[in-house]
Each structure stands twice: as structure tokens, then as C-alpha cells.
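[1] Sequence and predicted structure, then a few things I'm wondering about:
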Amino acid sequence: MRRRNLSSVLLVFVFSAISVSAQQNGSATPNQLRVSAISTADQTDLQRRNPRYQVEPDDSLALMFPLSPEFNQESVVVQPDGYITLQGTDSVYVKGMTVPEIVEALKKAYSGTLHDPIINVDLLDFQKPYFLVSGQVGKPGEYDLRHDTTVSEAIAIAGGFAPTAKTQVFLFHRVSNQWVEVRKLSLNDILNGKNANEDTQLSAGDMIFVPEKFITNFRKYVPYSLTGTAGGYIVPN
């Protein structure tokens with residue numbers, strides 16, 4: 001029994017030594033590779049779910065050079081063509097860039113003037129995130145996207161469904177300058193607890209369209225009223 005316990009201890013020691021040696025030599029065990037792959041996937045998914053803000057025209061930036069304050073610019077407005085005007089170098093195109101990307105673009109722009117410059121960029125003013133609700137709701141219009149908001153919450157913010165509204169709505173999400181993704185959602189099921197996970201969370205710039213019921217649209221062209229006795233229709237001449 002004592003010999004078996006000693007063998008177990010030796011095996012544990014050998015495996016521990018192999019693991020330490022692999023780490024020191026830069027090689028990873030299968031478990032380490034698996035953890036690394038999961039961490040990379042989680043980081044990619046996090047970036048996809050929480051994208052950084054991309055600068056648009058009329059946004060305002062503060063550019064600070066801690067080691068070269070003569071290049072500081074306390075307020076730089078992004079021009080309609082997407083460029084910002086800089087001191088001591090050419091203009092730089094920043095439309096669609098995030099703040100970290102702008103920092104790298106500025107370092108490249110000043111590489112001929114400054115050696116390895118330290119540059120801080122602050123976003124002073126920017127276009128507030130918003131969403132649109134149109135169609136058969138109480139108050140169609142544009143609303144600020146101040147926090148995480150789902151489609152059903154957005155419709156409630158816009159005054160709720162009008163009596164003429166269908167509960168199957170359309171969500172328009174711009175994927176790129178050329179493509180718009182359109183999703184059809186059945187809010188009747190979602191509000192009744194069915195497929196609640198399909199209550200999509202909005203992104204900035206999304207639009208919700210609430211169509212009319214078919215019968216409401218039909219009445220515009222064939223007006224009628226129900227009789228009180230025969231149960232038929234009276235169509236005016």
C-alpha cells in the first residue's frame with residue numbers, strides 16, 4: 001500500500017514537472033490551448049456585442065500632446081467630408097473611426113514631425129444614439145437610445161400600439177452603407193411570454209415599422225358597416 005501511494009506521488013510530480021517545462025519552453029498543454037481559444041472567442045464576441053463609437057461629421061474632438069503641448073487642439077470638429085484639420089501637418093480622414101483608431105492615424109500623420117508621439121483623444125460632442133418608430137403607434141418619431149432597449153420597450157416608449165396596428169412588426173438594422181437587415185417580429189407572442197428571447201435589443205439607428213391591420217387598410221377602399229339585425233353588410237352607393 002505504501003509503495004502504491006509512493007508511485008502515485010511520483011506520477012503527480014512527473015506530470016507537474018512536464019507541465020512546468022512546457023510552460024517555460026513556450027508550449028501549451030491541450031487544456032491551456034482550449035482556455036486560450038475560449039478567451040479569444042469571448043473577446044471577439046464581446047467586441048461584436050459592444051462596439052466602440054465611430055466618429056461622424058459634426059462630432060467634436062480634443063487632441064492633447066502631453067510632451068508637445070504646442071500641438072494641442074482643445075476642440076476639433078469633424079468636417080462634412082470626414083476630415084479634421086490639424087496643426088503642423090496635413091488633414092486626416094477620421095469618419096467611421098473609433099477613438100483608438102484616430103490615435104493611431106494621428107501618430108502616423110505626425111510621424112514626420114514628432115518622434116513616437118504620445119497623443120490623447122477625447123470625444124467631446126457626438127451624435128446621440130437614437131432609434132426610430134414609425135407606423136401605427138401612439139407617438140411615431142425619433143427617440144434617444146439612452147440605455148439597453150428592446151423592440152417591445154421601444155414601442156411602449158413611442159406610445160404603444162394604435163388600435164389599427166398589427167402586432168407583427170418590422171425591424172430595420174443597417175449592416176453597412178449598402179445593406180439593411182430586415183427582421184419580422186411577432187410581438188403578440190413575445191408579450192404573451194412565447195419566444196421572449198426573440199425580443200431583439202436595439203442598436204443605434206435602428207427603425208421599427210408597425211403596419212396597419214389588413215381590415216383597417218381594407219376599409220379605406222371598401223367602407224362598410226354591420227347591420228344590427230341581419231348580420232350582413234351595408235355598402236354605401
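    Structure's in. What do you need? Residues are numbered from 1 along each chain as shown.
[2] and after the helix or strand where residue 173 lies, which helix or strand comes next?
    Element membership of residue 173 [criterion: DSSP states H and E] is strand 168-174. Downstream of strand 168-174, the next assigned helix or strand under DSSP H and E is strand 180-186.
[3] Report the inter-axis angle for that next one versus strand 168-174.
    If you take axes from the mean of the first three to the mean of the last three Cα atoms, to 10 degrees, strand 180-186 sits at 160 degrees to strand 168-174.
[4] Just the C-alpha atoms of strand 180-186, please, in CSV.
    This file holds the C-alpha atoms of strand 180-186, laid out as CSV (Å, rounded to 0.1, in the frame of the first residue of the first chain):
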residue,chain,number,x,y,z
VAL,A,180,-30.1,46.8,-44.4
GLU,A,181,-31.1,43.8,-42.4
VAL,A,182,-34.9,43.4,-42.0
ARG,A,183,-36.4,41.2,-39.3
LYS,A,184,-40.1,40.4,-38.8
LEU,A,185,-41.1,40.0,-35.1
SER,A,186,-44.3,38.8,-33.7
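[5] Which strands and helices lie in contact with that strand?
    Contacts defined by 3 or more Cβ pairs under 8 Å, 6 or more residues apart in numbering; DSSP states H and E place strand 180-186 against strand 168-174. No exception for glycine: its C-beta is placed from N, CA and C like everyone else's.
[6] in the strand it packs on, what's buried?
    When burial is assessed from 16 or more other Cβ atoms under 10 Å, strand 168-174 yields the following buried residues: 169, 170, 171.
[7] Low-confidence ranges, this structure, go.
    Along the chain, segments meeting pLDDT under 70 span 1-49, 215-237.
[8] could you pull out the strands for it?
    Assigned by DSSP state E, the strands in the chain fall at 60-64, 73-77, 83-84, 92-93, 120-125, 130-135, 141-144, 168-174, 180-186, 207-210, 225-226, 233-234.
[9] Reformat those strands as CSV; add distance to residue 109.
    CSV is the format used below for the strands of the chain (distance: least, Cβ to Cβ, whole Å):
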stretch, distance to residue 109
strand 60-64, 11
strand 73-77, 13
strand 83-84, 10
strand 92-93, 5
strand 120-125, 12
strand 130-135, 32
strand 141-144, 34
strand 168-174, 30
strand 180-186, 34
strand 207-210, 37
strand 225-226, 72
strand 233-234, 73
